[in-house]
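**Q** A predicted structure for the sequence below; I have some questions about it.
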Amino acid sequence: MSSAISIPNSRPHNVVAASASPTTSTIHDRMLFRKDSTTFAIRQPKVLHPVENEDLRLLILENISQEAVKAFREQGFHVDHSTKAMSEDELVQKIGSYHAIGIRSKTKITERVLKAASKLLVIGCFCIGTNQVDLLSAAKAGIPVFNSPFSNSRSVAELVISEIIALSRQYFERAFEMRQGLWNKQSKGCWEIRGKTLGIVGYGHIGSQLSVLAEAFGMRVLFHDVVNIMPLGSARQVESLSALLAESDFVTLHVPELPETTNMIGKEQLAQMKKGSYLINNARGKVVDIPALIDALKSGHLAGAAIDVFPSEPGSNGAPFDDQLNPWASTLRSIPNVILTPHIGGSTEEAQRMIGEEVSSALIRYLNYGSTIGAVNFPEVDLRAITLEEPNHVRVCYVHNNIPGVLRQVNEVLSPFNVEKQYSDSKGEIAYLMADIADVSPSDVNSLREQISKTNANILTRLLA
């Protein structure tokens, strides 16, 4: 058995992976205020440390906000930062030495990558989507995945409004002609957007914000979603996608990439759209059948389109967007009144700053305290903070297979101690237990960890003290 690990009572200057426990994430934390005559005393949170005390290493790719990098380094983490994405082969070679990775949309975390990630504890997707990660394989490896589902909603909604106006006025084409030295002033086929109908497919965070902005421009708003949602303003939910397509002058897509949404806009759906209408896709590249869209544009059935996402996208800036990447790319580029942008929906300074803050905070909370609130593939579990008034406490973070009898085994291991707080939840085949144990001596820590790790359902056991 390895030697006993000291449980720190105060924060040394050179301790890695330490910060104050969160104090406002749950209702329990707000109950830490204690009234004492006419004043309020605040029970200070205790600093927690991974008992292994191994230097935590983070790999941050795809030019993620420097604010996030700064936040990680302030925790004492070692951070390697790159502006580019990595291929699967590159990740397999490098990821084995990292405890956490931060990516955006281009880096793919596959099952092969996860098998090579022997130390990986957590994945941060600094974007809305998580389809670039094999979520099931990550969960089975005990690795929660966090994203930022809200932070770039406004940026995408504003981009859609700008595309609606650009398409209806054809000023994308006029600007290109001016750059070529051609003066071509015209009003034919150019329209105000006031009084036109916008059809929103997917009335989530982006769709609902877009709804409010569009009504401010005097547009009539319809939306279709798989669940019944209370509309904002005067927007109206329609029962079917077909009904929305038939009534809308502009159709904009805001859905995740799922088997059910792949090619959800194909030849049949495009034919249901009004003649002279416009299609906008800032969602996922595979939700539109691009060859069918090309046919609808070339035939004149659609008056224009704006596409920000594609089935296959270049891995870095400066790379070609050509027929080798997507066989129809050159044809699509040649069609008038088609706006093509390089996946910039959430690419604003404001959105990237907020995404960096949100995802970095989630990763720090998990690495330092075990909280999985906000994880997309994992049970969401949290406990109120351990305070300075609770010495010799240890937090157990136990990821395990969701099978009968596990909690009995764990509680038998914990039975010699006073379990002050305990919470467990499951999601599919994966379950997660957090427990705060009192009066744990330094000599007990190694034994406690080894016994829990040897339970037959163990995936990952971490102790924080």
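**A** Thanks, I have the structure now. Residues are numbered from 1 along each chain as shown.
**Q** If we ignore the residues flanking it in sequence, what's nearest L253?
**A** Excluding its sequence neighbours, the residue lying closest to L253 (C-beta to C-beta, 6 or more residues apart in numbering) is A283, at 4.4 Å. No exception for glycine: its C-beta is placed from N, CA and C like everyone else's.
**Q** all helices for the stretch 51-200 of the chain, in order.
**A** With DSSP state H, counting those that start in this stretch as the criterion, the stretch 51-200 of the chain has helices at 66-74, 88-94, 111-116, 135-140, 153-169, 171-179.
**Q** Other residues contacting the first one?
**A** By C-beta atoms under 8 Å, 6 or more residues apart in numbering, the surrounding residues in contact with helix 66-74 are 58, 60, 79, 81, 102, 126, 353, 356-357, 359-361, 363-364.
**Q** Could I have the ChimeraX command that selects the buried members from the residues you listed?
**A** If you want just the buried ones from those in ChimeraX, going by 16 or more other C-beta atoms under 10 Å, the selection is:
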select :58,60,79,81,102,126,356,357,359,360,361,363,364
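**Q** okay if I get the contacts of helix 66-74 as JSON lines plus distance to S443?
**A** Supplementary listing: these in JSON lines, determined by distance: C-beta to C-beta, whole Å:
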{"residue": "L58", "distance to S443": "32"}
{"residue": "I60", "distance to S443": "38"}
{"residue": "V79", "distance to S443": "34"}
{"residue": "H81", "distance to S443": "40"}
{"residue": "G102", "distance to S443": "37"}
{"residue": "F126", "distance to S443": "41"}
{"residue": "R353", "distance to S443": "46"}
{"residue": "G356", "distance to S443": "41"}
{"residue": "E357", "distance to S443": "40"}
{"residue": "V359", "distance to S443": "38"}
{"residue": "S360", "distance to S443": "36"}
{"residue": "S361", "distance to S443": "35"}
{"residue": "L363", "distance to S443": "32"}
{"residue": "I364", "distance to S443": "30"}
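**Q** biggest separation within the contacts of helix 66-74, which pair?
**A** Within the contacts of helix 66-74, two members stand farthest from each other by C-beta to C-beta: L58 and R353, at 18.5 Å.
**Q** tell me the contacts of I229?
**A** Taking C-beta under 8 Å, 6+ apart, one finds 203, 208, 223, 237 in contact with I229.
**Q** Can you find the helix or strand in the protein with the smallest mean pLDDT?
**A** With mean pLDDT, DSSP states H and E as the measure, the helix or strand of the chain carrying the lowest mean pLDDT is strand 19-20 (a mean of 36).
**Q** Q186 versus H301, what's the distance?
**A** If you measure H301 against Q186 using C-beta to C-beta, to the nearest Å, the figure is 21 Å.
**Q** now the contacts of I229: which count as buried?
**A** Here the buried ones among those, as counted with 16+ other C-beta under 10 Å, turn out to be 203, 208, 223, 237.
**Q** The second one: what's it in contact with?
**A** Under the criterion of C-beta under 8 Å, 6+ apart, the neighbours of S208 are 229, 232.
**Q** same thing with the one 3 residues further on?
**A** By C-beta under 8 Å, 6+ apart, S211 lies in contact with 198, 200, 203, 221, 223, 231-233, 235.
**Q** Extract the residue ranges of the protein that are flagged as low pLDDT.
**A** 1-47, 49, 51-54 (pLDDT under 70).
**Q** Spatially central residue (nearest the centroid) of it, please.
**A** The residue at the geometric middle of the chain, judged as the C-alpha nearest the mean C-alpha position with C-alpha atoms, centre = their mean, is N147 (2.1 Å).
**Q** With L91 as the reference, measure out to the residue lying closest to that one once chain neighbours are set aside.
**A** Counting by C-beta to C-beta, 6+ apart, N147 lies nearest to C125, which is 4.2 Å off, once chain neighbours are set aside. Taking C-beta to C-beta as the measure, C125 and L91 are separated by 15 Å.
**Q** doesn't N131 make contact with the residue nearest to N147?
**A** No: C125 is not in contact with N131 according to C-beta atoms under 8 Å; the separation is 9.4 Å.
**Q** Who has more neighbours out of those two?
**A** Neighbours per residue, other C-beta atoms under 10 Å: of C125 and N131, the larger number sits with C125, 25 against 14.
**Q** ok so, going back, tell me which residues touch the residue nearest to L253, please.
**A** Shown here is A283, whose contacts under the criterion C-beta under 8 Å, 6+ apart are 202, 253-257, 261, 309.
**Q** Relative to L464, which of those residues is nearest.
**A** Closest approach between these and L464, by C-beta to C-beta: P256, at 33.5 Å.
**Q** Check which helix or strand that closest one maps to.
**A** Taking DSSP states H and E as the definition, P256 sits outside all helices and strands.
**Q** Can you give me the neighbour number for the residue lying closest to S316 once chain neighbours are set aside?
**A** Using C-beta to C-beta, 6+ apart and skipping residues adjacent in sequence, the residue nearest S316 is K84, 5.2 Å away. Applying other C-beta under 10 Å, we find 14 residues neighbouring K84.
**Q** Which two among the contacts of I229 are spaced furthest apart?
**A** Taking C-beta to C-beta, the two most distant members of these are S208 and Q237; they sit 11.3 Å apart.
**Q** Cross the contacts of helix 66-74 against strands and list the overlap.
**A** For these, the ones inside strands are 58, 60, 79, 81, 102, with DSSP state E as the criterion.
**Q** Name whatever forms a beta bridge with the last one.
**A** Spelled out, that is G102. Note on G102: beta-bridge partners by DSSP bridges are I60, G124.
**Q** contacting residues for it?
**A** G102 touches 58-61, 64, 68, 123-124, 126, 359-360, 363, counting by C-beta under 8 Å, 6+ apart.
**Q** Can I get those residues in a markdown table including distance to A385?
**A** A markdown table is the format used below for the contacts of G102 (distance: C-beta to C-beta, whole Å):
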| residue | distance to A385 |
| --- | --- |
| L58 | 23 |
| L59 | 29 |
| I60 | 27 |
| L61 | 32 |
| I64 | 28 |
| A68 | 23 |
| I123 | 25 |
| G124 | 22 |
| F126 | 26 |
| V359 | 22 |
| S360 | 19 |
| L363 | 18 |
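**Q** Tell me the one among these nearest to L270.
**A** F126 (33.4 Å).
**Q** OK, contacts around that closest one?
**A** 62, 64-65, 68, 102-104, 147-148, 352, 355-356, 359.
**Q** that older thread, okay if I get the helices of the stretch 51-200 of the chain as CSV plus mean neighbour count?
**A** Putting these into CSV (neighbours: other C-beta atoms under 10 Å) gives the following:
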stretch, mean neighbour count
helix 66-74, 17
helix 88-94, 15
helix 111-116, 17
helix 135-140, 19
helix 153-169, 21
helix 171-179, 14
